[in-house]
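>>> structure for the following, please:
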Amino acid sequence: MADFVGAVDQGTTSTRFMIFDHGGNERGKYQLEHEQILPQAGWVEHNPVEIWERTSSVIRTALNQAGLQHSDLAAMGITNQRETAVVWDRKTGRPYYNAIVWQDTRTDRIASKLEREGKGDVIRQKAGLPPATYFSGGKVQWILENVDGVREAAERGDAVFGNTDTWLLWNLTGGTDGGQHITDVTNASRTMCMNLETLDWDDELLGFFGIPRSMMPEIRPSSDPNGYGTTLSGGPLGGEVPLTGDLGDQQAATVGQVCFGVGEAKNTYGTGNFMLLNTGEELVRSKAGLLTTVCYQLGDSKPVYALEGSIAVTGSAVQWLRDQLGIISGASESESLARQVPDSGGVYFVPAFSGLFAPYWRSDARGAIVGLSRFNTNAHLARATLEAICYQSKDVVEAMEKDSGVHLEVLKVDGGITANDLCMQIQADVLGVPVSKPVVAETTALGAAYAAGLAVGFWNSTDELRENWNEDKRWEPEWTDEQRTEGHARWHKAVERTLDWVDVE
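Now for the predicted structure:
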């Protein structure tokens, strides 16, 4: 068998291709950013053609730089930004519209109408999700209703939908020449259209959004020995490689963090923050503002479920300091700037740029910076930004403990912001539990590689994967209980100031 497994990690701001060996060690990587298209306030789009081109480029470059070729890969997996919706013509391969990104809020009226009509509880019961701008179903409805010709094309069977995993799988396996129209259970569970118990598209839910069933991809396990097809000789890999792993990015990170036991949790710090708690084969219905989602499904095994706390804006708040305010020149500078002050000087920043996700689910919220005085500087704002990342995660941890009864003993973390020592120390302080980071921080790509490798026998079991996990760094809490309680209370006061800002019908 070949010595490596490859993984495409198609994220919100960039796409990377990573190559791992049997020990789960990185053997090659290349990454490229893609354009963030912001047509108007609350709208966020990506160009699907650019994403496919960048994906092709990072695959070729990573293989070349590592001195490898397609025959060195035993299998390949894909992980992706979830909920970002692409609708394209299966005959021409052309998207009808830009990809509508998970952060986009243009579907707020669709979501609020579902609630008003009493359909929200049906969606919660069947799909495990609240009606929200976050998920794919409303985005597909918007495209069907607002882009000329798409409704007719969908009725003819020409217009098809997928999150970015489906778009890439379709292109990798031939596109207009026999491309496979497939997704996995984790991505399907983020649409508001899949029934969590049947693991199939639900006709009643599809009807809520006016989506023809013919638009929807086939749903398969996250790790599938039968595969989703093979890459083509003329494609970016230059030969045939079995595609056998597909997971939404946060579920992939959960697999990469080897959270295979009930009660194990991880938090990924990326554009947003996403905390998942493994609940095993049991569907736990949240009463505290969390999502019930599919964690993963390995081959013919029963699906494993999770509770998830999704936070819209964390790392992108640091990007906002860089790109919109210009007070830092790079993400790493947020730490050095924040270290210039011992605390936030009473400043609280709630980055509700896309409304508030878990556990609030308030699309009417917008960002606010409160507690300012003339004493405050850009260093206080930088520190308040890091604290916002941590307080939002604290809100999710509290909701998880309410729903599951499981008290968090340690938080496993991954993603770009974990390189920020100060932020991780603040996270431990705010939570009051240790924070642990693995040696391989790119757990999202690693999880997709694990899913692909398990399917072809490159790894034999999840126990084998556990042996690959090693701790790189641990942060212990230093705040007193009084500091923790007071800080969180002030954070909640700040959150209240962001609500009812936008009128949603």
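>>> now do the buried residues in the longest helix along the chain.
The longest helix of the chain (DSSP state H) is helix 378-404. Residues 378-400, 403-404 are the ones in helix 378-404 that count as buried (16 or more other C-beta atoms under 10 Å). Heads up, the C-betas are built off the backbone N, CA and C, glycines and all.
>>> Ser363 - nearest residue in space that isn't next to it in sequence?
Nearest residue to Ser363 in three dimensions, chain neighbours excluded: Gly355, at 4.0 Å (C-beta to C-beta, 6 or more residues apart in numbering).
>>> can you pull up the bridge partners for the one you found?
Beta-bridge partners recorded for Gly355 (DSSP bridges): Phe353.
>>> so is the residue of the chain most remote from its centre in a helix, a strand, or just coil?
Ranked by distance from the centre of the chain (C-alpha atoms, centre = their mean), the top residue is Arg374, with 38.0 Å. Assigned by DSSP: H, G, I helix; E, B strand; the rest coil, the conformation of Arg374 is coil.
>>> distance of it relative to Met424?
According to C-beta to C-beta, to the nearest Å, Arg374 stands 31 Å off from Met424.
>>> do Asp395 as well
Distance from Asp395 to Met424, by C-beta to C-beta: 18 Å.
>>> same thing with Gly315?
Between Gly315 and Met424 the computed distance is 13 Å (C-beta to C-beta).
>>> how about Ile123?
For Ile123, the distance to Met424 (C-beta to C-beta) stands at 35 Å.
>>> could you do Ala448 as well?
On the measure of C-beta to C-beta, Ala448 and Met424 end up 24 Å apart.
>>> out of those two, which sits in the more crowded spot?
Remark: of Ala448 and Met424, Ala448 carries more neighbours, 36 against 24, as counted by other C-beta atoms under 10 Å.
>>> I figured the more buried one hits Ala75, correct?
No. In this structure, Ala448 is not within contact of Ala75 by C-beta atoms under 8 Å, at 10.2 Å.
>>> name the element Arg474 belongs to?
For Arg474, the element it lies in under DSSP states H and E is strand 471-475.
>>> ok, Pro434 - how many residues close by?
The tally of other residues near Pro434 (other C-beta under 10 Å) stands at 14.
>>> pull the contacting residues for it.
Contacts here follow C-beta atoms under 8 Å, 6 or more residues apart in numbering; on that basis Pro434 touches 410-411, 428, 474-477.
>>> widest-spaced pair of those residues?
The span of the contacts of Pro434, defined through C-beta to C-beta, is set by Leu411 and Glu476 at 11.9 Å.
>>> looking at those two, which one has more neighbours?
Leu411 (21 against 10).
>>> ramachandran coordinates for that one?
The phi/psi pair for Leu411 (degrees, to the nearest 10) reads phi -110, psi 120.
>>> distance of it from Glu467?
Using C-beta to C-beta, Leu411 is found at 22 Å from Glu467.
>>> again with Gly256
Distance check for Gly256 against Glu467: by C-beta to C-beta, it reads 14 Å.
>>> between those two, which has more neighbouring residues?
Neighbour tally, Gly256 and Glu467, criterion other C-beta under 10 Å: the higher count belongs to Gly256, 33 against 12.
>>> quick revisit: any idea how far the longest helix of the chain is from the chain center?
Here helix 378-404 is found 18 Å from its chain centre; the criterion is C-alpha atoms, centre = their mean, to the nearest Å.
>>> please identify the buried residues of stretch 67-81?
Applying a neighbour-count criterion of 16+ other C-beta under 10 Å, one finds 68, 70, 72-81 buried in stretch 67-81.
>>> over to stretch 226-242?
Quick answer for stretch 226-242 (16+ other C-beta under 10 Å): 227-232, 235-238, 241-242.
>>> which among the residues you listed gets closest to Lys266?
For the buried residues of stretch 226-242, the nearest to Lys266 is Tyr228 (25.2 Å; C-beta to C-beta).
>>> tell me the SS of the closest one?
Secondary structure of Tyr228, per three-state DSSP, is coil.
>>> that one touches Gln180, doesn't it?
Yes. Tyr228 lies in contact with Gln180 (C-beta under 8 Å); the separation is 5.4 Å.
>>> overlap of the contact sets of these two?
Common neighbours of Tyr228 and Gln180 (C-beta under 8 Å, 6+ apart) are 169, 173.
>>> for Phe17, give me its contacts.
Residues in contact with Phe17, defined by C-beta under 8 Å, 6+ apart, are 6-9, 28-31, 55, 58-59, 61-63.
>>> that one belongs to a helix, doesn't it?
No. Going by three-state DSSP, the assignment for Phe17 is strand, not a helix.
>>> strands of the stretch 201-350 of the chain, start to end?
Applying DSSP state E, counting those that start in this stretch to the stretch 201-350 of the chain gives strands spanning 218-220, 243-248, 265-269, 273-280, 291-296, 304-311, 348-350.
>>> ok, back up a step: and the residue nearest to Ser363, what is it in contact with?
105, 108, 133, 312, 362-366, 502.
>>> among those, which lie within helices?
Counting by DSSP H, the contacts of Gly355 place Asp108 in helices.
>>> are any of the contacts of Gly355 buried, and if so which?
Taking 16+ other C-beta under 10 Å as the criterion, what is buried in the contacts of Gly355 is 105, 108, 133, 312, 362-366, 502.
>>> TSV for the residues you listed, including distance to Ser286 and pLDDT?
Formatted as TSV, the buried ones among the contacts of Gly355 follow (distance: C-beta to C-beta, whole Å; pLDDT from 0 to 100):
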residue	distance to Ser286	pLDDT
Thr105	22	90
Asp108	21	90
Thr133	18	91
Ala312	17	86
Arg362	16	89
Ser363	18	84
Asp364	21	88
Ala365	20	92
Arg366	25	94
Val502	25	83
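>>> out of those, which comes closest to Thr13?
For the buried ones among the contacts of Gly355, the closest approach to Thr13 (C-beta to C-beta) belongs to Ala312, at 14.0 Å.
>>> give me the phi and psi for that closest one.
Dihedral angles of Ala312 (phi, psi; degrees, to the nearest 10) stand at phi -70, psi -40.
>>> surely it is in contact with Phe274?
No. Ala312 lies out of contact with Phe274 (C-beta under 8 Å); the separation is 10.0 Å.
>>> could you list the buried residues of stretch 405-425?
In stretch 405-425, the ones that count as buried by 16+ other C-beta under 10 Å are 406, 408, 411-418, 420, 422-425.
>>> of all pairs in those, which one is the farthest apart?
Using C-beta to C-beta, the buried residues of stretch 405-425 reach their maximum pairwise distance at Val406 and Leu422, which is 28.2 Å.
>>> pLDDT below threshold where in this structure?
Residues of the chain meeting the criterion pLDDT under 70: 504-505.
>>> for Thr293, give me its contacts.
Taking C-beta under 8 Å, 6+ apart, we find Thr293 in contact with 128-129, 186, 189-190, 196, 251, 276, 305-308.
>>> swap that for Arg484, please
By C-beta under 8 Å, 6+ apart, the residues touching Arg484 are 429-430, 432.
>>> can you classify it by secondary structure?
What three-state DSSP gives for Arg484 is helix.
>>> go on, Thr183?
Relying on three-state DSSP, one would call Thr183 strand.
>>> show me what contacts it?
For Thr183, the contact set (C-beta under 8 Å, 6+ apart) comprises 162-163, 165-166, 169, 217-220, 246.
>>> 10 Å - rerun?
78, 80, 161-163, 165-167, 169, 189-191, 194, 216-220, 228, 246, 248 (C-beta atoms under 10 Å, 6 or more residues apart in numbering).
>>> which of the residues you listed are buried?
Among the contacts of Thr183, those classed as buried by 16+ other C-beta under 10 Å are 78, 80, 161-163, 165-167, 169, 189-191, 194, 216-217, 219-220, 228, 246, 248.
>>> coming back round to it: mutual contacts of Ala448 and Ala75, please.
By C-beta under 10 Å, 6+ apart, Ala448 and Ala75 have these common neighbours: 5-7, 223, 245.
>>> would you show me how to pick out the buried ones of the residues you listed in ChimeraX?
The ChimeraX command for the buried members of the shared contacts of Ala448 and Ala75 (criterion: 16+ other C-beta under 10 Å) is given here:
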select :5,6,7,223,245
